[in-house]
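K.L.:
Show me the folded form of this:
(one chain, ligands or ions: 2)
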Amino acid sequence: MTALATTSLPCKDFLSLDEFEAEHLELIFDVAAKLKAGRDEYTDLLRGKRLAMIFEKDSLRTRFTFDIGMTDMGGTAVFLDHRDARLGSRESVKDMARNLERWVDVIVARTYKQRAIEELAANCEIPVINGLSDHSHPCQALTDYFTLTEKFGDLKGKTLCYVGDGNNTCHSLMVAGTKLGVNVVVCTPEGYEPDPEVTAQCATWARQSGGSITVTPSVDEAVKGAHVIYTDVWASMGQEDEIEERAAIFNDYQVDEEMMELADPGAYFLHCLPAHRGAEVSAGVMDGPQSIVYDNAENRLHVQKAIMALLLGAWN
Ligand code: CP
Ligand code: NVA
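P.N.:
Ligands and ions are numbered 1, 2, ... in the order given. As a prediction, this is how the structure comes out:
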């Protein structure tokens, strides 16, 4: 087994993957694998710790896995549902942060604006974790690559093709992938590309890691020979009034059996979920033998436990 290059994370918070080097991502994978293998060994790891969960949007996976993950390690989680009132509407984000840090040890927040999570983090001493924002979904992407390391071992030289909207999930997949030496191909209709600033940063990281980043509207070009085909919803939370318009624009971008045929014969299918069968993915692919979506959903638990344990300095 190769020795790890680091034993700690580089910053107080887990807001985006930009600040993390490949060695930090590998550390999280290593801890997640140990937590996964030995659930009963780590029941006291976060004994007495408290997690605040602030959600402005719906969630199944993120909410359950953070709550259960904290409970598994001996701590407590308290859920604050902000769907009807955005962060900062009743009192300032700064005051909220200053209150919460007196009661809890760590916060996970799912917000509309990335800026709101950053403001929360800037105003408290305790770690803040991004549970999805309009810009990124780092816990998701990290889990995706953890699952892929379980399937492939080394990810260097593997090609992950993301087909669909250049959204939050896509951004985080691009960032983590290019840091890990993956060839990341993003295939979107014109006008729905990822943020060009993210693409430019990823090009730099890819040069350093030996990976690559490609953005193209051509499905045939993108999918050919890929080892992973990934998709996400065409309209993210907050874009509900665009569902019909987007369905027409994204029609040729459905991941179906024909598209999977173009990929590597051993290719896997991934989706962050929730999925819409018959829209971004066909039922045949979603429920077919190449789909590893539920293995991945399980791994949200293990990876987020690792993130919390490392941020709270509980892992030696
Ligand atoms: N993939 C994901 O984050 O799922 P939830 O929206 O259910 O948390
Ligand atoms: N892009 C999706 C991800 C859901 C987990 C959204 O933001 O709604």
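
K.L.:
Next, see if stretch 42-60 gets close to ligand 2.
P.N.:
No. Applying Cβ under 6 Å from any ligand atom, one finds stretch 42-60 separated from ligand 2 by no less than 7.1 Å. For glycine as for every other residue, the C-beta is placed from the backbone atoms N, C-alpha and C.

K.L.:
right, I mislabeled it, should have said stretch 113-129
P.N.:
No. Judged by Cβ under 6 Å from any ligand atom, stretch 113-129 stays clear of ligand 2, getting no closer than 11.8 Å.

K.L.:
and that stretch, how far from the chain's centre?
P.N.:
Centroid separation for stretch 113-129 versus its chain: 17 Å, with Cα atoms, centre = their mean, to the nearest Å.

K.L.:
What part of the chain, helix or strand, is modelled with the least confidence?
P.N.:
One helix or strand of the chain scores below all others by mean pLDDT, DSSP states H and E: strand 76-81, with a mean of 93.

K.L.:
can you list the residues of the stretch 101-250 of the chain near ligand 2?
P.N.:
Counting by Cβ under 6 Å from any ligand atom, the residues of the stretch 101-250 of the chain near ligand 2 are 132, 167-169, 232-233, 236-237.

K.L.:
In JSON lines: the residues you listed, plus neighbour count, pLDDT and secondary structure.
P.N.:
Formatted as JSON lines, these follow (neighbours: other Cβ atoms under 10 Å; pLDDT from 0 to 100; DSSP: H, G, I helix; E, B strand; the rest coil):
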{"residue": "132", "neighbour count": "29", "pLDDT": "98", "secondary structure": "coil"}
{"residue": "167", "neighbour count": "24", "pLDDT": "98", "secondary structure": "coil"}
{"residue": "168", "neighbour count": "24", "pLDDT": "98", "secondary structure": "helix"}
{"residue": "169", "neighbour count": "25", "pLDDT": "98", "secondary structure": "helix"}
{"residue": "232", "neighbour count": "25", "pLDDT": "98", "secondary structure": "coil"}
{"residue": "233", "neighbour count": "23", "pLDDT": "98", "secondary structure": "coil"}
{"residue": "236", "neighbour count": "18", "pLDDT": "98", "secondary structure": "coil"}
{"residue": "237", "neighbour count": "17", "pLDDT": "96", "secondary structure": "coil"}
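
K.L.:
For the residue of the stretch 151-300 of the chain found nearest ligand 2, give its distance to residue 146.
P.N.:
Ranked by Cβ to the nearest ligand atom, the top residue of the stretch 151-300 of the chain for proximity to ligand 2 is residue 236, at 3.3 Å. Residue 236 is 23 Å from residue 146, where distance means Cβ to Cβ, to the nearest Å.

K.L.:
and whatever helix or strand residue 162 lives in, what other elements does it pack with?
P.N.:
Secondary structure assignment for residue 162, by DSSP states H and E: strand 159-163. The helices and strands touching strand 159-163, judged by 3 or more Cβ pairs under 8 Å, 6 or more residues apart in numbering; DSSP states H and E, are helix 168-179, strand 183-187, helix 219-223, strand 228-231.

K.L.:
Could you check the least confident helix or strand of the chain against ligand 1 for contacts?
P.N.:
No. Strand 76-81 lies out of reach of ligand 1 by Cβ under 6 Å from any ligand atom, never closer than 12.5 Å.

K.L.:
Give me the contact list for that strand.
P.N.:
49-55, 63, 66-67, 70-71, 104 (Cβ atoms under 8 Å, 6 or more residues apart in numbering).

K.L.:
let's see 7 Å
P.N.:
The contact list for strand 76-81 (Cβ atoms under 7 Å, 6 or more residues apart in numbering) reads 50-55, 63, 66-67, 70-71.

K.L.:
and the nearest residue to residue 62 once chain neighbours are set aside, what does it touch?
P.N.:
Closest residue in space to residue 62, ignoring its immediate chain neighbours: residue 131 at 4.7 Å, by Cβ to Cβ, 6 or more residues apart in numbering. Residues near residue 131 by Cβ under 7 Å, 6+ apart: 62, 66, 108-110, 139.

K.L.:
In which helix or strand does the closest residue to residue 11 other than its chain neighbours reside?
P.N.:
Leaving aside its sequence neighbours, residue 11 sits nearest to residue 19 (Cβ to Cβ, 6+ apart; 5.1 Å). Counting by DSSP H and E, there is no helix or strand that carries residue 19.

K.L.:
if I look at residue 19, how far off is residue 211?
P.N.:
For residue 19 relative to residue 211 (Cβ to Cβ), the value is 18 Å.

K.L.:
Give me the more crowded residue out of these two.
P.N.:
Ranked by neighbour count (other Cβ atoms under 10 Å), residue 19 and residue 211 place residue 211 first, with 25 against 12.

K.L.:
just to revisit the earlier point, using JSON lines, lay out the contacts of strand 76-81 together with distance to ligand 1 and pLDDT.
P.N.:
Shown next, in JSON lines, are the contacts of strand 76-81 (distance: Cβ to the nearest ligand atom, whole Å; pLDDT from 0 to 100):
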{"residue": "50", "distance to ligand 1": "21", "pLDDT": "98"}
{"residue": "51", "distance to ligand 1": "15", "pLDDT": "98"}
{"residue": "52", "distance to ligand 1": "16", "pLDDT": "97"}
{"residue": "53", "distance to ligand 1": "11", "pLDDT": "97"}
{"residue": "54", "distance to ligand 1": "13", "pLDDT": "95"}
{"residue": "55", "distance to ligand 1": "9", "pLDDT": "95"}
{"residue": "63", "distance to ligand 1": "6", "pLDDT": "98"}
{"residue": "66", "distance to ligand 1": "9", "pLDDT": "98"}
{"residue": "67", "distance to ligand 1": "11", "pLDDT": "98"}
{"residue": "70", "distance to ligand 1": "15", "pLDDT": "98"}
{"residue": "71", "distance to ligand 1": "17", "pLDDT": "98"}
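
K.L.:
Alright, calling it a day.
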